[in-house]
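Trainee: Structure here, sequence nowhere to be found:
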C-alpha cells in the first residue's frame, strides 16, 4: 500500500499519516521522488482498509500495490535510482555506463596494482577483486581476507578507482563496509537473508547479484530485504542462470534487463564474465548487454589468466578490455549513454585528487580502510 | 574425416580420392571454399585409417574431425556461408543484416497486403507469415494452407519481398518449396528427421529454428541432416530456450550466436519475438541480438495484434518496426554491417522489376507459385 | 464444452444434440463412459452460449470445460481408459502392470530372438525394439526398417509377445501400423502434429512419449491431437526431461504421474532407461515409478550392451530385468496391481496359441505383417 | 589423495604419515571404517607426488582421488554412515527408515503440541518445525525465534520426539545447536559457506538440503565443507530442483538418490513436500522416494493447512501421514528396511523415559535447551 500525498501537503500531514500507520503496528517509509511524493506502508498489510488513510488531510490517493515488493517498485518511485559516490563523478544508473573491471580475486600487490593501472588508464572508474571468495570446494583458494582489502584500499589511493568487493558473511561485511565503495553480495548469497539485512544497515551501496535460479520476483524481493533495512542504494546485477545449455557456463538472461526496468527503479548491470564463462564470448555479450539497455558491465580482467587462482577461463586480457570499451561506446550512444574515456577520468579525477591530499598521512598507514 | 587437397591437385586426383572413399562404402562431399579445398568423408567412419588417403596423389593432409558434425563445421569450410537469392540483392550471412518481418500467420489478403506494404516501405527485404501453423492445440487456428501460400506469392509480386514461410510436414514442404524463397523448419520440428531430409532435397534455402531444449550440438546435427542430403543453404535461427524463467515466454540464449560462429560457417539469425514472447521486449532484445553479432532478425509484426489469430502478444506494430530498424542500424555499423534503407531497396528492386515484368500473365493467375 | 445427457436420454435426443453442434460448424464426439454419458463439443468454441444445448430434450447439464484439452480430460471421461489387445490377456491401464522390454533397436534375427526368448520367459507381455530410429546424427545407425519390422512380427509369432515399435514419419507409420501392436511416437516427435494426426487415424494403440521440454498441458494436447482424429487408445509415457542436472542423462519427472492421473483418464507409463540414461539407475527408478503409481514400465534390455548399436549405456542385462520384476512385484501389490509371472503368461498364452495356429501358413511367409 | 594403511599398521606408523602430511602444509584426516583404514590428505594437493607416502612404513597404497570431494566420498569410507542419537533407538541411515514430520513453522504451543501428539502416536521419531524461517519476502512471517525453540524443546520433553529445526545464520545456529537434535541447513543456504563451516563445528548432526539448482558435485562439496570442520554427521536431503515444469512447485529428482549412494557414504533423505509443493502429490512421491532407496522422508504436516502461516498448500493432514506410513511400510520391506510402528516407539521410548525423569526440574524451566 502506498499513500500518495498532495503536492501541497505539509510536514504535519505527512507526520499524521505516519503515526496512523504506526498505530496499526506497521512501518512507514517516506518516498520523495520528483514525480510522486508519498508514504509506503510496510509490513503484513493483509486486508487493511485504504479508507484508513483516504480521508486524512493532505492525502491524494491510496494505491493498493499488488506486487509482493514495494520499495524496489516503480509504482512507489517512478524515476530511476542513480547511485552517486562522494568525491567522484562516477555514477551507476545515470547517463554514464558503469564499468567495473578487475581480477576475480586479489592475489598479490603486484597483480592488483598492475591491473589497476591498466584499468584506470582506460577510463574505467570501478575496480573489482575479491578478498573473500565463496568457493564451491573447501579446498579452493578462499581469498586473502583483510590483507586483500588493504591492497584494494591502496588501489583506490594510488589510481583513484572506486572499489567493489564481495562480503560473504556478516563478519566480512563489517570489514568490506569499511574498505570498499560498493559492497557486493554474490549470487550464492542472494537469499542469505541475514546477510541481506546486514547489508541493508550499511552506509555503502550494495551490488546484488542474481541467484543462479532466481526468478525476477525473488531477485527483487532480495533487494527489498536490503531496502527494508534503510539502505536504498541497491544495484542489481544479472550474471547468468543455470539451464541445460552446455556451450556456456551459464545462460545470460538479457531479457531480465528490460523486465527489471519496467518493474523497478533500481539500476541493473550485467556480468558477461560469469554469464558466459568463456573469454571468447565476453566481448560479444558485453555489446549485447549494453545494447539491451543495462546500466553497466562487470568484467573479470586478468593479465595472466592461465595462472589466475580462480575464473581464469572467463577473464579477458587488459587489451581485450580496451577493445571491449571501444566497441560498446557507439552502442551506448544509441541508448543516449556515455562511456567515460581516459581523458575525462584523468581530467576530472576528483577522487584521485582527494586521495592525493590524504596521501600524506596515508603513506604511512596504507592499510587503513578508505572510510577511516 | 576431411581430406584436404593440395592447391595444385587436379580433377583426376579428386576423382581418385572420391572413388577410394566410395569403395569403402562411404560417401564423399567436395567442399570448395576459398581458403581450403577438399573432400569430406561421410558415413560411419569408426576406426577408418587416415593412411587410406594420405598417400594418394594430390592429397595435402587428412584431418580427423572429432566433432559429430562435418558439413556444418568450420573445420571443413572456414569461410562464412552467404545465402544469395536469384534476382535480388538480398543476402543472409553477408554484410547486410537480414531482416525478416511479418505476421505470425496469413489471415487474409487485406492483412498481408497492408502489412507487406508497410514492411517493404521500411526497406525490409524478407516477408514472413505462416500458411501452415503447427499449433499446440488441435483446436487452434491451423493456417490457411495453400490459399495462404498463394497470398504470399502475391505479396512477392506486388511488393518485391522475398517470402519466408514454414513447412510442417513433407506434403506442405512440397508446396512451400514452390511458393516460398526460404523454407522455414520450426522449433518443434528441429528433430523431425524425415522433414529435415526432405528439406535437404529442396532447391531453396532452409531456415532452421533451434528446438526449445536443443543443445548446440543437436542444433548443428539437425543442420547436418539437411546438408547431408545436398542442400547447403541452411540458415540457423535462435528463438529462445525453455527455462524456469517466468518474466519472458522463453529465454533468448544470445551466447549461442558466438558459439555457433566458432563452430560453423552457417549464418545464424535471432527471433526476439518468440525469444521473449512480449512486445515490450522485442526492441531491446533486437538491439542485443544485432550487437552480439547475429546475421539477421526474424520479427513478428501485426497492425492489430489484439485481434491476431496467433502470437498477438509478441507482435510489434509497424511503427515499432520502423523504430527498431532506426535503433539497430548504428549498432550494426559497429559490427561492420549494414541495414538496408528504403531508398536502397527501392532504388534496386530488381525483384520488384522482375515481378512487374511477370505481372502481365501473373495478373490472371495470381495464385501460381513463384517458381512456376 | 461437454453436454451431459440424462441417463434416460434416447438415441434421438443424442442425434439432435449432435446435429445442433454440427449446425454451428463444430464437431461432436459421443463419450460413453460408465459414470457419465454425453457429447463433447469440438472446435473453436469461443463465446458459444451453453443455452444452445441446455433446453434440448435429454440434456442434463452443459459443462464449460476450461482446459484447452477435452477428449483426454477426466471431466469428459471420469473412469480410467484401459487398453485391450485382441487375442491377448494383456492390458495397459488395467490392474496388471504393463511391462514393455527389449533392445533399443532391432539389430539382427539372433539378437531379437535371443532377447525375446528371455523376456517372454520372465512373463513380460510386450516386446520393444526400434526398426526406424530417430537419431541425433545423420551418420548414426538409423535402423533396419522393414526388415526390422518383419523380424518383430516373427518375434510375436514365435514367442507370443505383443510388439511396440516406433514410427518416425507417416510412411513408417503405415508400415508400423501393419506389423506392430502398439505404435510408438518418440519424444522428439511429440509435437510433430502431422504424425500425431496420422496416428489418430490408425487402428492400433499409440504410445506417446513426452517431449524433453514438454509441459503437462502440451503433453495432453499432443494426445488430444491423436484422439481428435478418432483413435482413443492412447498410452502416455514419461521418459525424463531436460534440466541442468548432469548425474543422469535426463531428469525423470515422476510427479507428472499423479498430475496426469488427476487431469486425464489415459494410462501413463514410465521409461526409466531414457529417464536416467544409466544402467545402474534403472532398477531403483523402476521401483520408484511403480511406487508412484504408473501403469507400466518401458525398459531397454540388451544381452551385450557394450556392443549395442545404440543406447548401450542405459540397457540392462536380461538377468537385471528378472531382478527388476522380482523387486517391483511387491511394490505393485501396495497399489493393488499385479505383475504377470511366467506361469500366468505361459498358462494363458492365448496369443501364442493363436500365433501357433497361424503358424502353418506363416511359416512360409514369416515376413508378413501381423495384422494381415 | 588417500593413504590406505596396512591392517597391521601401528599408531606410530599413522602418526608418521600425518606428520609427513602436515610438514607439506596440508591437513590429515584419519578415516577408520571397517573395510578400509587410512588417512585423507586435505588441502590444495595439486601435483603432490604419491611417492611421498608410498615408502613410509605401514602404508599399503596411495589412492589418487580424482573427485573434488574427499571426506564425503565412498572411496575414503566405503561403508554407509549411520547417524545415532544418544538415549534414543532412532537412527538415520540405518535399517529403519527415518521419518521426520511436523509443520513448516512453529506457530503456537497448541499447534505444535497437538501435532506432536498425533505424530508421536504414529510411531514417528523426528519432529520438524521452523523457529527461524528464511522467507522470500521480508514481509512474510519470519518465525517465532527463541520462543519457537523453547516450544520445540518442550515437544521433545512431552512426546519423546527428536527435534529437527533450521538455522538460518550463525547466530541462530548457536541457539539451534542447543535446543535441537538435528540442525537443518535450508536449500537457499546450501552454499552459504560461513554457515556450513559453523555447522561443521557443531556437535549435533546436520541435515543439509540440496540447493534449487545444485549439481550433485556442488551438493557433496557443501557437505564436504561441514565435514572438513570436523562434524562427520551429515544427512543429505533432496527437496526438488527448479525446472521449467509447472505442474509441481519443484521437480523432485529421485535419480540423485542412487547417484549419491554410489559416490558417498552419507545418508540421503527426500522431502516430497517441498519437492512437489502440492498436498495431493506428497503420498505418491513418498512411496516413490522410499522405493528408490532413500534413507528417510521429511514431511510437512499441519492439522489446518488452510490457516498455516506458510506452506499450507503442501502440508498433509495428520490422517494422511498415517495413510502414508501404512503405504510406505511394505515398500520399505522390499528394500530390507523397517518403518517404526507406534508399538515399537511406545514400547521402547528410552528418550521419553529419560525426558520424563528430567521432567521434575524441567517442569519449572521448560524453556531450557535440551542439551543443558
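Mentor: Yes, it's here. Only a predicted model underlies this, so the values are computations on that prediction, with no experimental measurement involved. Numbers count the residues shown, from 1 in each chain, chains lettered A, B, ... in the order given.
Trainee: Show me what the helix or strand hosting residue A:99 is packed against.
Mentor: With secondary structure defined by DSSP states H and E, residue A:99 is part of strand A:98-102. In terms of contact count using 3 or more CB pairs under 8 Å, 6 or more residues apart in numbering or on different chains; DSSP states H and E, strand A:98-102 is assigned the packing partners helix A:109-121, strand A:126-128, strand A:296-300. To be clear about C-beta, it is placed using only N, CA and C from the backbone, and glycine gets the same treatment.
Trainee: Which is the succeeding secondary structure element to the second one?
Mentor: Tracing the chain C-terminally past strand A:126-128 and defining elements by DSSP H and E, one meets helix A:146-159 next.
Trainee: Identify each buried residue in that next one, please.
Mentor: When neighbours are counted by 16 or more other CB atoms under 10 Å in any protein chain shown, the buried residues of helix A:146-159 are found to be A:148, A:149, A:150, A:151, A:152, A:153, A:154, A:155, A:156, A:157, A:158, A:159.
Trainee: same deal with stretch A:247-265?
Mentor: Going by neighbour count (16+ other CB under 10 Å), the buried part of stretch A:247-265 is A:247-261, A:263-265.
Trainee: is chain B contacted by it?
Mentor: Yes: for stretch A:247-265, a contact with chain B is found by CB under 8 Å from any CB of the partner chain, at A:247, A:248, A:251, A:252, A:253, A:254, A:255, A:256, A:257, A:258, A:259, A:262.
Trainee: Output the buried residues of helix A:146-159 as CSV; include the columns distance to residue A:228.
Mentor: Listed next are the buried residues of helix A:146-159 as CSV, based on distance: CB to CB, whole Å:
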residue, distance to residue A:228
A:148, 30
A:149, 27
A:150, 32
A:151, 34
A:152, 29
A:153, 30
A:154, 35
A:155, 32
A:156, 30
A:157, 34
A:158, 37
A:159, 35
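Trainee: neighbouring strands for the strand holding residue A:99, and are they parallel or not?
Mentor: For strand A:98-102, the paired strands and their directions (DSSP bridges) read strand A:126-128 (parallel), strand A:296-300 (parallel).
Trainee: Could I get the ones you listed in CSV, plus columns for distance to residue A:50, mean neighbour count and mean pLDDT?
Mentor: Formatted as CSV, the strands paired with strand A:98-102 follow (distance: least, CB to CB, whole Å; neighbours: other CB atoms under 10 Å in any protein chain shown; pLDDT from 0 to 100):
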stretch, distance to residue A:50, mean neighbour count, mean pLDDT
strand A:126-128, 43, 27, 98
strand A:296-300, 38, 28, 98
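Trainee: Same list (these) but as a markdown table, adding distance to residue B:93.
Mentor: Shown next, in a markdown table, are the strands paired with strand A:98-102 (distance: least, CB to CB, whole Å):
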| stretch | distance to residue B:93 |
| --- | --- |
| strand A:126-128 | 38 |
| strand A:296-300 | 29 |
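Trainee: quick one: which of the buried residues of helix A:146-159 is nearest to chain B?
Mentor: Sorting the buried residues of helix A:146-159 by distance to chain B puts residue A:159 at the head of the list, at 28.8 Å, by CB to the nearest CB.
Trainee: Per-residue pLDDT of that closest one, please?
Mentor: pLDDT recorded at residue A:159 is 97.
Trainee: Just confirm it contacts residue A:127, I think it does.
Mentor: Yes: with contacts counted by CB atoms under 8 Å, residue A:159 reaches residue A:127, the gap being 7.4 Å.
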